[in-house]
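Asks: here are the coordinates; sequence isn't available:
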Ligand code: MN
């Protein structure tokens, strides 16, 4: 199933003129068949188009430049069906600005033991043709993706798709504008960061907008639009008893409809697909958005609380990488521990958890919000789906960025928490809460993250490579001493890689 329809992957085969036209025609036919096979694969979420068999340095450079200039090109799959001397690729690879994957495959899976002859060997020489080519990116220090195996297998196609999703996230990051409504929460360190460095590293642009302008957009929402949106709420959620009969709680619900429509119209006008706000800066609007933010997130907008634009951007990027996959993706915060026999983390936020992670129909209710402002606010309450999950945070270390990922197992809470008026998920970090939290803290990870049950670790790894940032992973194999050692070694690597500035 294709979930990315505005961008395609280009399939480019490398060869050389040595073999004569008959062999090259066969190479082209085979390449078209591989490209069509990948395009037809139910495991690939983007279309694959055959482009060319390139045989000279000029042809290589030309196709790389064409890829750079075509906004519909998400990335390239490169394969050397025969032998393609790597010096031919130096200019093209150095010019290429799109993500690319090296597919180390072979047209036929099995050897034809009885009939194999030298002609067959010369046509099917990826085994060394791809190694010749692969020497070049290794030598240039390019962290490109390498996928090995027969192109018809599900494993290979799924690996290509995992990388495709990362490439789509990388593209999204370069088109993304994050709207800041209000500044950072006062005195908080981890939500701060260098917006210019973020744009040069990740591509997204973070823009501040006045609360007065947002308030104007919210005030302009018509009564008819408010009524229609409230009707949507009532049909989509379980509504708390008496909520719409009480004039005060009804007004709280209408406020959310106003904020949702007003914020979305404002962001559409500004071309923003992610936003932050801060309960300390709400002048002119009806309060800290609850349901409004939850629903915008469920429609694909990125969000980060308390001015956290890094998490807002990452939430949007992860939602794009998750497209069409099972499981939700949300802004999240490690909130409170259960330090029992097995350490557990209750994840939540004041209001803003995305209903895409809900295990059941969310309940629409109004409760008193007491942090920063004291106000009744309508919110959606639900519990996260049990199962494997992970959380990813973006850390600004001052001189560089670090991505930090923790593998989790979300579990069913042992009982209801009737007095807690927020959406929540309960999880057990791998390998255990103590190791995970120790490593998280040593790595400088903050309290905000993107929680996902849709985006795989491999896709996050590929994204980190495309963005050129460190990724630290805490999983079932992690130990504290080895993790700390990796941090120290990585510090040296990234310092050397950056060089003198
Ligand atoms: Mn927070």
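Replies: Arrived safely, thanks for sending. These figures come from a predicted structure and were not determined experimentally.

Asks: any part of stretch 265-278 near the ion?
Replies: No. Remark: stretch 265-278 sits outside contact range of the ion, by C-beta under 5 Å from the ion, the gap being at least 9.8 Å. Every residue, glycine included, has its C-beta placed from N, CA and C.

Asks: list the contacts of that stretch.
Replies: 172, 176-185, 204, 207, 209, 213-214, 217, 220-221, 263, 288-289, 293, 296, 300-309, 312-313, 315-316 (C-beta atoms under 8 Å, 6 or more residues apart in numbering).

Asks: for that stretch, buried residues please.
Replies: 265-267, 272-278 (16 or more other C-beta atoms under 10 Å).

Asks: which positions in this protein make contact with the ion?
Replies: Contact residues, the chain versus the ion (C-beta under 5 Å from the ion): 305-306, 333.

Asks: ok, residue 75 - contacts?
Replies: 9-10, 98-101, 163-164, 167 are the contacts of residue 75 under C-beta under 8 Å, 6+ apart.

Asks: turn the residues you listed into CSV, including neighbour count and secondary structure.
Replies: Output for the contacts of residue 75, formatted as CSV (neighbours: other C-beta atoms under 10 Å; DSSP: H, G, I helix; E, B strand; the rest coil):
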residue, neighbour count, secondary structure
9, 28, strand
10, 24, strand
98, 18, coil
99, 25, coil
100, 24, strand
101, 22, strand
163, 27, helix
164, 27, helix
167, 27, helix
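
Asks: my guess is residue 364 contacts residue 382, does it?
Replies: No. Between residue 364 and residue 382 there is no contact under C-beta atoms under 8 Å: 10.3 Å.

Asks: ok so residue 376 is a helix residue?
Replies: No. Counting by DSSP: H, G, I helix; E, B strand; the rest coil, residue 376 is located in no helix; its state is strand.

Asks: tell me which residue in this protein sits closest to the ion.
Replies: residue 305 (4.2 Å; C-beta to the ion).

Asks: residues in contact with residue 26?
Replies: Per C-beta under 8 Å, 6+ apart, neighbours of residue 26: residue 123.

Asks: how far is the helix or strand where it lies from where the chain is centred?
Replies: Here residue 26, judged by DSSP states H and E, is contained in helix 20-40. The gap between where helix 20-40 is centred and where its chain is centred comes out at 33 Å by C-alpha atoms, centre = their mean, to the nearest Å.

Asks: buried set for it?
Replies: The neighbour-count check on helix 20-40 (16+ other C-beta under 10 Å) flags 23-24, 27-28, 30-31, 34-35, 38-39 as buried.

Asks: per-residue confidence for the closest residue to residue 109 other than its chain neighbours?
Replies: Nearest non-adjacent residue to residue 109, counting by C-beta to C-beta, 6 or more residues apart in numbering: residue 150, 4.4 Å away. With respect to pLDDT, residue 150 has a value of 98.

Asks: residue 150 against residue 107, yeah?
Replies: No. Contact criterion C-beta under 8 Å: residue 150 and residue 107 do not qualify, at 9.2 Å.
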